[in-house]
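**Q** missing the sequence, but the structure's below:
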């Protein structure tokens, strides 16, 4: 066989790849669904209506264990589906009003408790549980501070099945004897590491003591500090530790592109305004260090023509919920928030996260940029580092093993900013012209002319009130005559004179009486 025939035969022979494709079975790549994991059909139907059919890694790894009632500690990156990982077992193991055993349980007493560190996260968890348990008919109540007690008290009196709340308000309601946790079969601590950071450990331990010892305890966290390990050893029974990620150093979402710029504080609003006009922009969350800074940046962006609103602790709870609702409904494009207020925010369509100020530590950095790149979507995280924060950033960079040890000095006019963020050349940081200043009234440079004084006018009385000589006789109207005689030379006498007690000529007394007798020489 010649070489040419041999080459033709090799080409016609199926390769290893093609032979593997010939024996390919579609069942080998069958995607796991919630139904495959033993989730209740009613919960699966509710999730499918919401477009949720396939579980994430943390959900697939924990559901089979949690549905059996085993204590567990789940660790996964932020934005990877931890809420449904504990929410589905809570809903499925709670007795529904549709179940025949519902009459055997204490009516109106909570069957499950979920503790969250912030109000926004509690509302988010409650919303996800409501979506997943729509067909189960379970009553879910959210309790948190900053609002009135009456609606929460009325709901507890009417009866609830699942309570989601923050530690402070839960303790308050328990002290009022209106929240009975003695029948709770499942207790969840969501974002436990953040609760420890916010100082909620004493309240959490008090809540744990109010629940039965036979309960199922599920603890979910993005990191695993030593305090959480100690909490687990004290209040959990042989918990199973499930980690969906290899290590904390990889806690950042891979689909999130990270950029770090060394920027000047006065140029940051202009940079944000230009990034808001990039090709990939959808919605943006801007993180600031202080509440005052969040308000100032939001006002600045709004003045530039962007739909922006602040979110910080000084705002009333109604205003915070209103801002979040508008952000979810795409009525706002930018949300400027502090770390505490933005914990647990899960909003779809957040394409950009900007750290207006350098994060305090690596955990804060991971939490901030976790607001984008959620649920398998891609995102962009941009961090502005001031000259004074270079040392802090290098510590964060070293801890997370990031390749940004020397941030590039960047301004709003830098070419690499336009190139990396997809900004069109010539773009400016505002979409509306600044409000024109009201023109000031024209002032005449000539000095004002005062009315001429009438020097020929006649006076009828002196400043002391006495009648001017000659006016009472007919030269002018005498409004009221004075009984005293005029002094020599026509000068008027003062209204009050001191009575002369020793020598001197006779003068009229201050009481208008007769003059005193003269004293002889």
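**A** It's in. Because the structure is predicted, anything quoted here is derived from the model rather than measured.
**Q** Report the contact partners of the residue positioned nearest the centre of the chain.
**A** Nearest residue to the geometric centre of the chain (C-alpha atoms, centre = their mean): residue 311, 2.9 Å. Taking C-beta atoms under 8 Å, 6 or more residues apart in numbering as the criterion, residue 311 is in contact with 294, 320, 323, 324, 335, 336, 337, 338, 341, 342. The C-beta positions use only the backbone N, C-alpha and C, and glycine is treated the same way.
**Q** let's see 10 Å
**A** Counting by C-beta atoms under 10 Å, 6 or more residues apart in numbering, residue 311 touches 120, 285-286, 291, 294-295, 298, 319-321, 323-324, 327, 332, 335-338, 341-342, 345.
**Q** Make a ChimeraX selection of whichever of these turn out to be buried.
**A** The ChimeraX selection below is limited to those of the contacts of residue 311 classed as buried (16 or more other C-beta atoms under 10 Å):
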select :120,285,286,291,294,295,298,320,321,323,324,327,332,335,336,337,338,341,342,345
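**Q** Mind checking which of the contacts of residue 311 are in strands?
**A** 285, 286, 335, 336, 337 (DSSP state E).
**Q** Bridge partners for the second one, pull those for me.
**A** Here residue 286 sits in beta bridges with residue 336, residue 354, going by DSSP bridges.
**Q** Count the neighbours of residue 159 for me.
**A** 13 (other C-beta atoms under 10 Å).
**Q** mind listing the strands for this structure?
**A** Ranges of strands within the chain are 72-75, 112-115, 140-143, 162-165, 186-189, 216-221, 240-243, 256-262, 283-287, 308-311, 334-337, 350-355, 379-385, 408-409, based on DSSP E.
**Q** does residue 239 really touch residue 233, like I thought?
**A** Yes - between residue 239 and residue 233 there is a contact under C-beta atoms under 10 Å: 8.7 Å.
**Q** Can you pick out the residue with more neighbours from the two?
**A** Higher neighbour count among residue 239 and residue 233: residue 239, with 17 against 9, using other C-beta under 10 Å.
**Q** Which residue, neighbours along the chain excluded, lies closest to that one?
**A** Once flanking residues are discounted, residue 239 sits nearest to residue 71: 4.1 Å by C-beta to C-beta, 6 or more residues apart in numbering.
**Q** In contact with that neighbour, which residues?
**A** Going by C-beta under 10 Å, 6+ apart, residue 71 touches 65, 187, 215-219, 232, 235-240.
**Q** 7 Å - rerun?
**A** Residue 71 is in contact with 216, 217, 236, 237, 238, 239, counting by C-beta atoms under 7 Å, 6 or more residues apart in numbering.
**Q** of all those, which two lie farthest apart?
**A** Within those, two members stand farthest from each other by C-beta to C-beta: 216 and 238, at 11.8 Å.
**Q** and these two? which has more neighbours close in?
**A** residue 216 (22 against 7).
**Q** right, and that one touches residue 72 too?
**A** No - when contacts are counted by C-beta atoms under 7 Å, residue 216 is not listed as touching residue 72 (8.6 Å).
**Q** one step back: next one: the nearest residue to the residue nearest to the centre of the chain once chain neighbours are set aside relative to residue 313, how far apart?
**A** Nearest residue to residue 311 in three dimensions, chain neighbours excluded: residue 337, at 4.0 Å (C-beta to C-beta, 6+ apart). Separation of residue 337 from residue 313 (C-beta to C-beta, to the nearest Å): 10 Å.
**Q** Repeat that for residue 347.
**A** 19 Å.
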